[in-house]
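Student: Sequence first, then the predicted structure:
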Amino acid sequence: MPVSIPEGSVDTFGFVHVPVWWWLPDADWQPLTGSASDAGITVTVTATPLRSVWDPGDGKPEAVCAGPGIEWRPSLDIENGTYCSHTYTRSSDEQPGLSYTAEVTVEWEFSWTINGVAQGPFGLASPSAEFPYAVGEIQAIES
């Protein structure tokens, strides 16, 4: 269950005061199941993703998202079209590598069955991945 940042789910550059949408592909947001059998007993373990947690790396609170996020499309409202976003208030030009070190964590819950009979949840796992996110600032002059 490693977490990887898929191409296109995180832009490589953002701007101050413009919301950043974060998401993971829906195809990666599916339960994972494995089974083993011996002597007429089959044990099945299922790992189910519960939420994604995005640390923007700028010292502001994490974005705790009840799912993978919503992939941005031009037809969606930039301000209100997602439940998983962050708005940077400072550029990353003073950060090492000129980028914030952001991180996504996916929380998984494990449950199991014996011969198809549910035994309930038995643990959590929270793998994470870091990624650089550069944030620029646009200056405008109005006359």
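Tutor: Cool, the structure landed. Residues are numbered from 1 along each chain as shown.
Student: Touching the worst-scoring helix or strand of the chain on mean pLDDT from outside, list them.
Tutor: The helix or strand of the chain with the poorest confidence is strand 13-15; it has a mean of 86 (mean pLDDT, DSSP states H and E). When contacts are taken as C-beta atoms under 8 Å, 6 or more residues apart in numbering, the neighbours of strand 13-15 outside the stretch itself are 20, 88, 133-138. Where C-beta positions appear, they are placed from N, C-alpha and C, glycine not excepted.
Student: Give the next helix or strand downstream of it.
Tutor: Towards the C-terminus, the helix or strand next in line after strand 13-15, according to DSSP states H and E, is strand 20-21.
Student: for this protein, what are the low-confidence residue spans?
Tutor: Within the chain, the segments meeting pLDDT under 70 span 1-12.
Student: Show me where it has its strands.
Tutor: In the chain, the segments counted as strands under DSSP state E are 13-15, 20-21, 32-38, 41-55, 63-65, 85-86, 100-114, 117-125, 128-136.
Student: thinking again about what came up before, show me which pair in the contacts of strand 13-15 is furthest apart.
Tutor: The two members of these with the most space between them (C-beta to C-beta) are 133 and 138, at 16.6 Å.
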